[in-house]
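# predicted coordinates and the sequence they were generated for:
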Amino acid sequence: MSLAGERSGQSIAWRIAPPASLFVVLTALGLGVNGARLGLDLAGGRLLPVGSLSELWSTYLAGWHQTGGGTASAAPTSLAILGALGAIFVPLGGPPALVAILLIGDAPLAGLSAYAATRRLPVSRWTRAAVSAAYAMVPAATASVAQGRLDVVVVHVVLPLVVSGIGDLLASTGDRWLYRSSACAVGVAVLGAFSPLAHGLALLGLVAGFVVLPPGKSLLRRIASVGIVVLLPLALLLPWPTVLVNQPALFLHGLSGPAPAPPAADLVGLYPGGAGAWPIGVVLLVATIFAVAVRPRALLSAGLALAALGACGLAVVLLVAVKPLQGGGAAVGYTGVPLLLLSAGLLWIILNACASGTGTAVLPRIAAVAAVMVVLVLGAGAVFGGRGGPLHSGGGDQLVAAQADELDRSGRSVLVVGSGDEPTRQEGGRMPLFGDDQLALTASTPDRMTAWQSALAQPSSGATRAALSGATAAGALFVVLPPGADAAPIVALAPDLAVAAQPTKDGRAVLRLLAPSGQVVLVPASVAKQAVTSSAPANTTGVTPVDADLPDVHVRVSEGTAGRLLVLSAEQEAGWEATVDGKAQPIVPAWGHQVAVSVPPGSSEVSIEHPSTLRDVLLLVQVAAVLFALLTAIPAPTRRR
């Protein structure tokens, strides 16, 4: 018995050793690479500060957002995922801690994911561990971490499990087909919540495999499985797919936005460009060529299909330029996600070439030496290249406590002026947070923000005064200037419109706007005529802030002169409804883009609303889909015969 127990213990230790060693080594690597940015509140680059648990859920559930002057766009489903998983990390800091762990722990998490996804392959555990380590350190992943591209990092971690799940569904449909289909659909939904492009490529691979591969024993089960994986993620992502249909930039650029097209040499090195990595992925190409030369049958694996999907995605991203969601000229997307698929496909081919049962006895030794060399090269590139990049700990730019409290109490907005690739953002009640850039703004908002940015970056009397007046009319209370900009020239040009305020915690200059404004204002007849004919107020005499909150406004207006306007600091878009004394009243555009309604001379009850009935229905459908996924994606206990 003791000998049997000793052998059992040795067997368990042998099985645990590869993944345990993989996790320990990659964790040490991740801590070493991210040593300068260790913390639980990361921001910088393409990552805005992540809000608290309550902020994430309130933003996701809201039918109208005070972002970019106001929009009824649905929030990305990634906020709900971070909010649900972030609740587990409340003792550490909530969702910001979760995001920090994902970014800093990207390598060990992706390595374990790849190791688990390859469990069915006839390859030794140490070989799987080596290939999983190589996948964890591909240049597309290390660059995405350094640049704060959370969407690509999530794809890096989840992709192997989704590929494995799709492969299992296409290979066979057993008694547990419903559980496997639902679990795979949940993984595809996670991909879609952070990267619609990865979602689309996954479904393309699923449908192509369904058409090409033989149907097997049960065609009906296979059709049902494919239908669940295609349709259930769409229901789980509601109502965000309604935004994706009308915004191709979200599909091609993802959550982290566009990027300059990398040179051909970087693409050969599987490197998407930017800070945080070196184009050393060429070693994967060399290793793949060697593997195919030694064992040509390695090409007859799912790795070739995965690499082909990555190549197709790369071509689409680089050839189709669209206008970014936050404005600017047409741009191509970031190539991180397609390069991840391409890298995973190459590694899958290499792993298939290492399958046991074929070849001579010397081949495993050659493969082992080659695998060690690939892992060492990728590890060196991650250590020396991944330390750079704009991602940092300590959060983003924050107003001082008194200014933040005033914003929260008044509900007015802050205008954060961008510079370079960073867009100008307007956010109500707080500073910009993760998820704001994925809200679809009205058509005129990006151009207006760009004009305000130019007027404030290069002060001139007319343009700067118009920008400050327009921002005040749109409900802004503070203006945060770009890093290094001085508030004095702007204050000198418009001392009656703005004064210098206490700078942010990171030292950015802040302006406080002086003209009367608010979420809702009552404009006298003398200014109302100007409001319907110009883009910025030149005179604010008699403008009175009204105590009301957006988006649903219910106020009683006292007697006054004819021609007055009740103006909201909200962008005019479809869906706004107004009534005066219970009778429908048309919406009037104020300053060319804001919601306003004409007020009669007598005392009257005015109501302005933006109903969200359709969104509420879609949220109910999403809840039903979540319940279905929870009931079917959890495996039932197996019975012994």
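Thanks, I have the structure now.
# report the secondary structure state of the spatially closest residue to residue 475 that is not a sequence neighbour.
The shortest distance from residue 475 to any non-neighbouring residue, by Cβ to Cβ, 6 or more residues apart in numbering, is to residue 569 (2.8 Å). In short, each C-beta sits where N, CA and C put it, glycine included. Three-state call for residue 569 (DSSP: H, G, I helix; E, B strand; the rest coil): strand.
# any idea how many residues pack against residue 569?
26 (other Cβ atoms under 10 Å).
# you'd agree it is up against residue 410?
No: using Cβ atoms under 8 Å, residue 569 is not in contact with residue 410; the gap is 11.0 Å.
# and for the two, which residues touch both?
Residues touching both residue 569 and residue 410 (Cβ atoms under 8 Å, 6 or more residues apart in numbering) are 518-519.
# OK, contacts around the residue nearest to residue 475?
Counted by Cβ under 8 Å, 6+ apart, residue 569 has contacts 69-70, 412-413, 428, 473-475, 517-521, 550, 594.
# how near is residue 307 to residue 137?
From residue 307 over to residue 137 the distance is 18 Å, taken as Cβ to Cβ, to the nearest Å.
# where does pLDDT dip in the chain?
Residue ranges of the chain with pLDDT under 70: 1-15, 173-175, 215-217, 298-300, 355-369, 635-641.
# quick one, domains of it?
401-513, 520-610 (automatic domain parsing).
# need the winner for burial among these.
With neighbours taken as mean count of other Cβ atoms under 10 Å, the domains of the chain reach their highest mean count in domain 401-513, at a mean of 19.
# next one: that domain to chain centre, how far?
When C-alpha coordinates are averaged (Cα atoms, centre = their mean, to the nearest Å), domain 401-513 and its chain have centres 24 Å apart.
# also stretch 235-248?
14 Å.
# can you pull the buried residues of it?
By neighbour count with 16 or more other Cβ atoms under 10 Å, stretch 235-248 contains the buried residues 235-244, 247.
# sitting in strands, which of those residues do you find?
When these are checked against strands (DSSP state E), there are no matches.
# what's the closest of those to residue 574?
residue 242 (13.0 Å; Cβ to Cβ).
# the closest residue to the closest one other than its chain neighbours: what's it in contact with?
What sits nearest to residue 242 in space, not counting adjacent residues and going by Cβ to Cβ, 6+ apart, is residue 74, at 6.1 Å. Counting by Cβ under 8 Å, 6+ apart, residue 74 makes contact with 239-240, 242-243, 615, 618.
# give me the most central residue, this protein.
residue 255 (3.2 Å; Cα atoms, centre = their mean).
# tell me the SS of that residue?
coil.
# measure it to residue 191 for me?
From residue 255 across to residue 191, the span is 12 Å (Cβ to Cβ).
# do the same with residue 201
Residue 201 is 9 Å from residue 191, by Cβ to Cβ.
# please apply the same query to residue 53.
23 Å.
# who has more neighbours, the two?
residue 191 (25 against 19).
# more neighbours: which of residue 307 and residue 137?
The neighbour count for residue 307 versus residue 137, taken as other Cβ under 10 Å, is higher for residue 137 (31 against 21).
# element containing residue 258, please.
Element membership for residue 258, per DSSP states H and E: none, as it lies in no helix or strand.
# tell me the helix or strand right after the helix or strand residue 492 falls within.
Taking DSSP H and E as the definition, one finds residue 492 inside helix 488-493. Using DSSP H and E, the helix or strand that follows helix 488-493 in sequence is strand 498-501.
# for the closest residue to residue 432 other than its chain neighbours, name its beta-bridge partners.
Distances taken as Cβ to Cβ, 6+ apart place residue 425 nearest to residue 432, at 4.6 Å, with adjacent residues excluded. Beta bridges link residue 425 to residue 416, judged by DSSP bridges.
# what residues are up against residue 425?
Contact analysis of residue 425 by Cβ under 8 Å, 6+ apart lists 67-68, 326, 415-416, 418, 432, 436-437, 449.
# just the ones of those in strands?
Reading strands off the contacts of residue 425 with DSSP E, I get 415-416.
# out of the contacts of residue 425, who's nearest residue 340?
For the contacts of residue 425, with residue 340 as the reference and Cβ to Cβ as the criterion, the closest is residue 437, at 21.6 Å.
# can you name every helix or strand that the helix or strand that contains residue 409 contacts?
Per DSSP H and E, residue 409 falls inside helix 401-410. Where contact means 3 or more Cβ pairs under 8 Å, 6 or more residues apart in numbering; DSSP states H and E, helix 401-410 is packed against strand 476-480.
# report the angle between the strand it packs on and helix 401-410.
150 degrees (axes from the mean of the first three to the mean of the last three Cα atoms, to 10 degrees).
# list the helices and strands strand 476-480 packs on?
Counting by 3+ Cβ pairs under 8 Å, 6+ apart, strand 476-480 packs on helix 401-410, strand 413-416, strand 510-513.
# all helices for the stretch 51-200 of the chain, in order.
Under the criterion DSSP state H, counting those that start in this stretch, the stretch 51-200 of the chain contains helices at 53-61, 78-86, 95-104, 106-117, 125-136, 139-146, 150-171, 177-194, 196-212.
# mind listing what the closest residue in space to residue 399 that isn't next to it in sequence touches?
The shortest distance from residue 399 to any non-neighbouring residue, by Cβ to Cβ, 6+ apart, is to residue 504 (5.8 Å). The contact partners of residue 504, by Cβ under 8 Å, 6+ apart, come to 397-400, 480, 510.
# pretty sure residue 504 sits in a strand.
No: under three-state DSSP, residue 504 sits outside any strand and is assigned coil.
# use 39 as the first number from now on
Let's use 39 as the start, then, which means that last one is residue 542.
# what distance do you get for residue 93 to residue 421?
Applying Cβ to Cβ to residue 93 and residue 421 gives a distance of 35 Å.
# which of the two has more residues huddled nearby?
residue 93 (19 against 14).
# any chance of the helices and strands packed on strand 514-518 in JSON lines, plus distance to residue 564?
Converted to JSON lines, the helices and strands packed on strand 514-518 look like this (distance: least, Cβ to Cβ, whole Å):
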{"stretch": "helix 439-448", "distance to residue 564": "26"}
{"stretch": "strand 451-454", "distance to residue 564": "26"}
{"stretch": "strand 548-551", "distance to residue 564": "21"}
